[in-house]
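1. with the sequence up front, the predicted model follows.
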Amino acid sequence: MDAALLGLSTIIIGVGGCLGYFYFSNLFLDRVLFPPKGENAGRNINRANQIRPWLFVFPAMFALGLYLGYPVFETLRLSLIDRSQDNAFVGFANYNQMFAEAKFWEAMRNNMLWLIVVPAVSTAFGLLVAQLTDRIGWGNIAKSIIFMPMAISFVGASVIFKLIYDARPEGTAQIGVMNAVWMSFEGGIGSFIFLKVFPIILILSFAAMVAYIGYIVLRMAGGVWVMVLKLVAALFSVWMVVLSVQSVWGVATANLPYGEPQQWLTIPFFNNFFLMVVLIWIQTGFAMVILSAALRGIPEETVEAAVVDGANPFQIFFKIKVPQIMPTIVVVWTTITLTVLKIFDIVFAMTNGQWQTQVLANYMYDKLFRANDWGVGSASAMIIMLLVSPILIWNIHNARKEMR
Amino acid sequence: MTDQNADRGTIVAGSQQVFKGIFGRKNAAPTGIAGSKSSLSWLVHVSVLALVLLWVFPTVGLFVSSFRTGDQISTSGWWASLGTSEQNVVFRVADPDENRVADGDQFVVTGNFFDEKGGSGTITVWGTSSRAIAAYQAGDLAELKGTETITVDASGAYTWRGAEDEITGRGQRVFATITAPPEFTFENYENMLFDPSNSEGMAKAFFNTLTVTIPATIIPIVIAAFAAYALAWMDFPGRALLIAAVVGFLVVPLQLALIPLLKLHLGTGIGKGYLGVWLAHTGFGMPLAIYLLRNYMVGLPKDIIENAKVDGATDFQIFTKIILPLSFPALAAFSIFQFLWTWNDLLVAKVFLIDSTGQTTVMTNQITELLGTRGGNWEILATAAFVSIAVPLVVFFAMQRYLVRGLLAGSVK
């Protein structure tokens, strides 16, 4: 209760202080420093108006600079020094030490997996739901429900999904849905359809999607940078398609342990996907809301013209609607990408990086607060910064373009 | 957005669509699609329904589990609790030496298993040996050794009858299969929130979370609103640069800020505690706050502001009397974001708030600790998780309109 009282008084002092600062600093400026009267009235008004914006932005800019600006440089500095050697400058020693760790590369690999899967699946599901609910009467209720996980914390969602992945010893009732469903497969035709054919179709459609995106990028016209982007996109999609074909072969030949309850979160490699499901479950609602608004912003005439020309619903969706909302899809994709890069809570709460599920943010937390190694911790934070910086530059570029 | 670093990662893009509230307007189906509508519409309805069920299923599972006892959770899946459940129970007849009644030359013990042991339901089959637990139907008479007999009916009433030397010692065991109607309890919530001796500390964590959240939501709004006004409507050199900086800071991962700021807090005597976490949330929430509010304020009609200036209003008056009331939707949108983000946050609280005494723990942290120490006790985990989820869910459903508007303003220009 003391804390509540402290909280209340802080609200009053904090908010009152902020308001007081703005009120009295303006008062001081107008009454004492440059009063708009006397012989210099006109000049004083001008001067006061030159200073006033800075009074307004100062607290915010101070907070921004201190809490986000300064740490970028301080972290960079910390990543180049060694605390145990009396803060001596050690160059890239921390980075070298980090690059030599298998756990770091595991985190990098997993982060890349997350980066590929989560934005793609969330955006695809979001687009699907947005399109399907667009014209039906109870669409708003459906959207509300799919949007709901956004309000649930990553930690809460982790508990929810841990129950789903729960395993009980063989012979007792399974209380986790995954294992309850798994135990109902016995290797017959149903198992074949659901556990072999269905995943293969899923992987193949993923490969098709990647190939399609690669194809779209390849057709973009532009200068040198676009050529580089094209090359990267082409190589990437070829690589993804090769990986997909490999995993199709893997699924087809896998010998599945029917009838044994599985500890889903301890199965290396695949457990990453079980963790990603949590984030996809949360982020789909976000993608849906934005894409739904974008779909409604499409001019009706374009759709009607396509209908008149005899396009079927699929053609309308993929050839008329999707190209028109492409910029929004890119926004959604990058926003989810940013979330994924910083993903921490889900991994921390569900596996804490065990069983090869480490990600960068959790690796960093481990280094900073468990191993107490600020050098390597800061170095890994700089890696996260490096990964977001293309998006940062792109954002500022766009913002400046719009300002002009 | 929950923890949703996405809300601070919202980015600008060049999309030019004009958005209308998505939960407000419902389009009439264009005439051209009406023809194909009949053949496809049932498929659409079914697939939307399937997706909705898939999405709501995980939450419902945890919600239902939080109303079941630990025994119920560990013996059957939560989905089984919605219908009548079947379970196997072992009963023992009341102590014969105290309860037996002479009946002719025999002795009888009568009673009701459910009255004696608690619980309710209907007994379908039963047996007297663990090897044959379904040997008899309800109401059957079982003949045991010698003259000893026992009968159990569906309501749990039993009659155990036999010679004097048989109806003595320990009561006869009965293995019953009972079907019980769905049974839910508020016990978990009572234990979690109102039991003064509870060891989970969720009640305290709840108030701690509230203490973190409210100032951490209000203070950034006040500071950001002034800055957003200046960046939107006041002309000064360097304005464009500041706006670009805000856009850049939107995506700076707060992971970078942990160590430098912790060092700063420890160095300046702020230390680990509420003040530190309020300041941290204020700083981290600032880019999104300024960005959202500025985007909204820039769109306000220019005439009002110019007229007010002509009438002699100062910038301070214009801001408090005109801009703030008009910006209510944007202020509401940001406060929901910031509320959800601070309420659901784990990382910032762990770094800046929770010290070694653990007195200032927040709910998210408490739950991760329970996951470690009480991993198998789902009644505790489910209840704890739901206590922490309930408030954001209420806020979410009550303020969804503003949240959606904020999302659209924040991510798409």
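-> Perfect, I can see it now. Note that the structure is a prediction, hence the values are computed from the model and not measured.

2. how about the residue of chain B found nearest chain A: what's its closest non-neighbour residue?
-> With C-beta to the nearest C-beta, the shortest gap between chain B and chain A falls at residue B:283, namely 2.4 Å. Backbone N, C-alpha and C define where each C-beta goes, glycine included. Spatially, and ignoring its direct neighbours in sequence, residue B:283 is nearest to residue A:67 (2.4 Å; C-beta to C-beta, 6 or more residues apart in numbering or on different chains).

3. burial check on that neighbour, number of neighbours?
-> Residue A:67 has 25 neighbours, counted by other C-beta atoms under 10 Å in any protein chain shown.

4. pretty sure it is in a strand, no?
-> No. Under DSSP: H, G, I helix; E, B strand; the rest coil, residue A:67 sits outside any strand and is assigned helix.

5. residue B:330 versus that one, what's the distance?
-> 22 Å (C-beta to C-beta, to the nearest Å).

6. near chain A, which residues of the stretch 51-200 of chain B are found?
-> Within the stretch 51-200 of chain B, the positions near chain A by C-beta under 8 Å from any C-beta of the partner chain are B:51-52, B:55-59, B:61-62, B:65, B:73-80.

7. may I see the PyMOL selection of the buried members of the residues you listed?
-> Remark: buried members of these, expressed as a PyMOL selection using 16 or more other C-beta atoms under 10 Å in any protein chain shown:
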select buried, chain B and resi 51+52+55+56+58+59+61+62+65+73+74+75+76+77+78+80
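
8. in helices, which of the residues of the stretch 51-200 of chain B next to chain A fall?
-> B:51-52, B:55-59, B:61-62, B:65, B:73-75 (DSSP state H).

9. helix or strand: which one has the residue nearest to the spatial centre of chain A?
-> In chain A, the centroid-proximal residue (C-alpha atoms, centre = their mean) is residue A:339; its distance is 2.1 Å. Using DSSP states H and E, residue A:339 falls within helix A:326-341.

10. from chain B, how far out is residue A:243?
-> 26 Å (C-beta to the nearest C-beta, to the nearest Å).

11. quick one: the helices in the stretch 1-150 of chain B?
-> Applying DSSP state H, counting those that start in this stretch to the stretch 1-150 of chain B gives helices spanning B:5-9, B:31-65, B:70-75, B:96-99, B:113-117.

12. so of those, which one's packed in deepest?
-> The highest mean neighbour count among the helices of the stretch 1-150 of chain B, using mean count of other C-beta atoms under 10 Å in any protein chain shown, belongs to helix B:5-9: a mean of 28.

13. could you chop chain A up by domain?
-> Following automatic domain parsing, one finds the domains of chain A at A:2-79, A:99-172+A:264-403, A:186-258.

14. give the residue spans of the stretch 51-200 of chain B that score low on pLDDT.
-> Within the stretch 51-200 of chain B, the segments meeting pLDDT under 70 span B:85, B:118, B:196-200.

15. kindly export the helix holding residue A:339 (C-alpha atoms) in PDB.
-> Taking C-alpha atoms only, helix A:326-341 is exported to PDB below (Å, rounded to 0.1, in the frame of the first residue of the first chain):
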ATOM      1  CA  MET A 326       1.700  -3.600 -51.400                       C
ATOM      2  CA  PRO A 327       3.100  -0.500 -49.600                       C
ATOM      3  CA  THR A 328       1.000  -1.400 -46.500                       C
ATOM      4  CA  ILE A 329       2.100  -5.000 -46.600                       C
ATOM      5  CA  VAL A 330       5.700  -3.800 -46.600                       C
ATOM      6  CA  VAL A 331       4.900  -1.600 -43.500                       C
ATOM      7  CA  VAL A 332       3.300  -4.500 -41.700                       C
ATOM      8  CA  TRP A 333       6.100  -6.800 -42.600                       C
ATOM      9  CA  THR A 334       8.800  -4.400 -41.400                       C
ATOM     10  CA  THR A 335       6.900  -3.600 -38.200                       C
ATOM     11  CA  ILE A 336       6.600  -7.300 -37.300                       C
ATOM     12  CA  THR A 337      10.300  -7.700 -38.300                       C
ATOM     13  CA  LEU A 338      11.200  -5.100 -35.700                       C
ATOM     14  CA  THR A 339       9.200  -6.900 -33.000                       C
ATOM     15  CA  VAL A 340      10.900 -10.200 -33.900                       C
ATOM     16  CA  LEU A 341      14.400  -8.800 -33.700                       C
END
